[in-house]
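**Q** I need the structure of the sequence given here:
(4 chains)
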2 protein chains.
Amino acid sequence: MTDSQPPTGAGGPSVRPLDPAELGTCFVLMEAVSLLQHQVEQQLRATGGISYVQFQLLARPAHGDGPLTMTELADGVVYSRSGLTYQAGLLEKAGLITRDPSPDDDRATLVTVTDDGRALVEAVLPGHVEVVRRLLLDPMAGDDLHRLGDVMTRVRAQPPRSATPRRRRPPVAEQ
Amino acid sequence: MTDSQPPTGAGGPSVRPLDPAELGTCFVLMEAVSLLQHQVEQQLRATGGISYVQFQLLARPAHGDGPLTMTELADGVVYSRSGLTYQAGLLEKAGLITRDPSPDDDRATLVTVTDDGRALVEAVLPGHVEVVRRLLLDPMAGDDLHRLGDVMTRVRAQPPRSATPRRRRPPVAEQ
DNA sequence: TATTGTTATACTCTATAACTATA
DNA sequence: TATAGTTATAGAGTATAACAATA
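**A** Numbers count the residues shown, from 1 in each chain, chains lettered A, B, ... in the order given. Predicted coordinates:
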């Protein structure tokens, strides 16, 4: 329809717009995952009183071998260190993890999941799996699972752009 | 490894755990989308001072025919009505949308994107498309796009469970 | 100097419940 | 009675910058 647009904008030189298939796939991907995430969040909150972020922070080291450093723990879960410190503070206060100084590196903090933490993960897991299975896995067929895994592995591997472009507009934010 | 687990838990009767492929795909899907969403959010904030939610609220009616009601606008973007009212309040205050009573239904509010709103969407769009293309579309090949679209369409269509199970634990929350 | 982690602070956003008004 | 939308409010989460300590 609107196939004009002198293709230069604030975003850079000449950007080809998305065709309907690209647009549709983006859209449905974001919406489906958003829906899934919302349901997962509900289940975790209802069953264990934790958020998805907290679940990830508990589940990863709970099923691993040893304790992780804060930095290792943050990987892929949280985008700011202070955010992790905040969450770790909550989890520690709830008795689900402990934080101790690392013997190897005196700067580092080692996070260990307590027995209570492990128990909580186990208590929450069946319902979590049920939601994931029902909402994500059940509607798949054939090699959908592997295809999806492959594609998303490539997507995840995409390097983030280094420089952040300058702010152009004041935020809409706040009231 | 741990193949025990008397498969009953708080989540319901007998839940088969995820096999490694299922677990891996879930994981990489959530992480890849989270990464994508974070980059998109950064770009929108930097270029237009808006969040992804706000972008969706602007972009949908901006490219549609007529104004939408609040309820129509909320669909798939927001999970509570008050959340939408909040966002609409911000967008209206920023002059990006207007809200007027519907002539058809005196309960409804019609949301119209203003010229400024449309201009903002256009200003932000090239950069948005660039991010989506680079992070999501470029790493795809062959019929990946269609396969992904198909799968996610099925996933999205999955009906949410009606009843919310009772809370079992106090939230970790707050400090 | 770079890295690890914490703190203080300021927002940004979401959700629940109560409410008004119309269908 | 059910639906559309708003308000008040509380709570959860995130991010920035400044900081301390170690590599």
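
**Q** So which residues on chain A come close to DNA strand C?
**A** When proximity is defined as CB under 7 Å from any atom of the strand, chain A approaches DNA strand C at A:38, A:69-71, A:81-82, A:84-86, A:88-89, A:99, A:102, A:105, A:107-109, A:171-174. C-beta here means a position set from N, CA and C on the backbone, and glycine is covered the same way.

**Q** Filter those down to just the ones in helices.
**A** Residues from the residues of chain A next to DNA strand C lying in helices, with DSSP state H as the criterion: A:38, A:70, A:71, A:81, A:82, A:84, A:85, A:86, A:88, A:89.

**Q** What about DNA strand D: which of those residues touch it?
**A** Checked against DNA strand D using CB under 7 Å from any atom of the strand, those give the following subset in range: A:81, A:82, A:86.

**Q** so is the closest residue to residue A:73 other than its chain neighbours in a helix, a strand, or just coil?
**A** Distance criterion CB to CB, 6 or more residues apart in numbering or on different chains; nearest residue to residue A:73, sequence neighbours excluded, is residue A:111 at 5.4 Å. Applying DSSP: H, G, I helix; E, B strand; the rest coil to residue A:111 yields a three-state assignment of strand.

**Q** quick one: the residue nearest to the spatial centre of chain A and residue B:47, what's the gap?
**A** Per CA atoms, centre = their mean, the C-alpha nearest to the average position across chain A is that of residue A:77, at 4.9 Å. Distance, residue A:77 to residue B:47, using CB to CB, to the nearest Å: 26 Å.

**Q** Then residue A:145?
**A** When distance is defined by CB to CB, residue A:145 is 36 Å away from residue B:47.

**Q** and what of residue A:17?
**A** 16 Å.

**Q** Just want to know which of the two has more residues nearby.
**A** For residue A:17 versus residue B:47, neighbours defined as other CB atoms under 10 Å in any protein chain shown are more numerous around residue B:47 (24 against 14).

**Q** Could you tell me what pLDDT the model assigned to that one?
**A** The model reports residue B:47 with a pLDDT of 96.

**Q** I'd guessed it sits against residue A:169; true?
**A** Yes - counting by CB atoms under 8 Å, residue B:47 touches residue A:169, with 7.4 Å between them.

**Q** what about the helices in chain A?
**A** Counting by DSSP H, one finds helices in chain A at the ranges A:20-48, A:52-62, A:70-74, A:81-93, A:115-132, A:144-157.

**Q** most packed of those helices?
**A** The densest packing among the helices of chain A, expressed as mean neighbour count by mean count of other CB atoms under 10 Å in any protein chain shown, is seen in helix A:52-62 with a mean of 21.

**Q** now that helix: how far from the chain's centre is it?
**A** Helix A:52-62 has its C-alpha centroid displaced from the chain centroid by 11 Å (CA atoms, centre = their mean, to the nearest Å).

**Q** May I have that helix as CSV, with CA atoms only?
**A** Listed in CSV are the C-alpha atoms of helix A:52-62, where the atom choice follows Å, rounded to 0.1, in the frame of the first residue of the first chain:
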residue,chain,number,x,y,z
TYR,A,52,10.5,-15.8,36.3
VAL,A,53,13.8,-13.9,36.9
GLN,A,54,14.0,-15.3,40.4
PHE,A,55,13.2,-18.8,39.1
GLN,A,56,16.0,-18.6,36.6
LEU,A,57,18.4,-17.3,39.2
LEU,A,58,17.5,-20.3,41.4
ALA,A,59,17.1,-23.0,38.8
ARG,A,60,20.4,-22.5,37.0
PRO,A,61,22.8,-23.0,39.9
ALA,A,62,20.4,-25.5,41.6
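
**Q** which outside residues touch that helix?
**A** By CB atoms under 8 Å, 6 or more residues apart in numbering or on different chains, the list of residues contacting helix A:52-62 from outside reads A:37, A:40-41, A:44, A:48, A:50, A:67-68, A:73, A:77-78, A:84, A:87-88, A:90-91, A:96-97, A:111-113, A:117-118, A:120-121, A:124-125, A:128, B:172.

**Q** how does it look with 7 Å?
**A** Among residues not part of helix A:52-62, those counted as contacts by CB atoms under 7 Å, 6 or more residues apart in numbering or on different chains are A:37, A:40-41, A:44, A:67-68, A:73, A:77-78, A:87, A:91, A:96, A:111, A:113, A:117-118, A:120-121, A:124, B:172.
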